[in-house]
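S.K.: pasting the structure only:
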């Protein structure tokens, strides 16, 4: 899993774009609260380049592919259809919510179905 962020206003010792990437590897399936604390960010010259804002939240690690809502080990147009049905209040079966919030915004909605469809037809190379 990777968390990325950037500070594009150029605030800091120079007007370069500052990029932060934090990467870690999951050791098991499940959900946990993410509680990262970073006091300040520095560049290679040890000059302060900013102070991060809220980066806490929940992290969910699933043994299934993101977007594979019927757990058939493939992400395809059927998954997009099932997400769409769920969004409009139908009860598609099988349907696993653990991988249905494709963009991880806290809501299973039509955007998730669109992302799966775009991935399936090759418009986007990977799901978020």
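M.R.: Looks like it came in fine. What you are looking at is a predicted structure, and each value in this text was computed from that prediction instead of being measured.
S.K.: which residues touch residue 94?
M.R.: Counting by CB atoms under 8 Å, 6 or more residues apart in numbering, residue 94 touches 69, 70, 71. Every residue, glycine included, has its C-beta placed from N, CA and C.
S.K.: now do residue 126
M.R.: Residue 126 neighbours (CB under 8 Å, 6+ apart): residue 119.
S.K.: ok, it to residue 87 distance?
M.R.: Separation of residue 126 from residue 87 (CB to CB, to the nearest Å): 22 Å.
S.K.: hmm, back to that, same list, the contacts of residue 94, but as JSON lines with pLDDT, distance to residue 82 and neighbour count please.
M.R.: Converted to JSON lines, those look like this (pLDDT from 0 to 100; distance: CB to CB, whole Å; neighbours: other CB atoms under 10 Å):
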{"residue": "69", "pLDDT": "97", "distance to residue 82": "5", "neighbour count": "31"}
{"residue": "70", "pLDDT": "96", "distance to residue 82": "6", "neighbour count": "19"}
{"residue": "71", "pLDDT": "93", "distance to residue 82": "11", "neighbour count": "16"}
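S.K.: And the helices in this protein?
M.R.: Taking DSSP state H as the test, the helices found in the chain are 77-87, 110-120.
S.K.: For the first one, name the packing helices and strands.
M.R.: The reference is to helix 77-87. Helices and strands touching helix 77-87, as assessed by 3 or more CB pairs under 8 Å, 6 or more residues apart in numbering; DSSP states H and E, comprise helix 110-120.
S.K.: Give me the angle between the helix it packs on and helix 77-87.
M.R.: With axes from the mean of the first three to the mean of the last three CA atoms, to 10 degrees applied, the angle from helix 110-120 to helix 77-87 works out at 180 degrees.
S.K.: tell me the average confidence for helix 110-120?
M.R.: Averaging pLDDT along helix 110-120 gives 96.
S.K.: If you count neighbours, what's buried in that helix?
M.R.: Using 16 or more other CB atoms under 10 Å as the test for burial, helix 110-120 gives 112, 113, 114, 115, 116, 117, 119, 120.
S.K.: Tell me the one of those nearest residue 46?
M.R.: In terms of CB to CB, no member of the buried residues of helix 110-120 lies closer to residue 46 than residue 115, at 40.0 Å.
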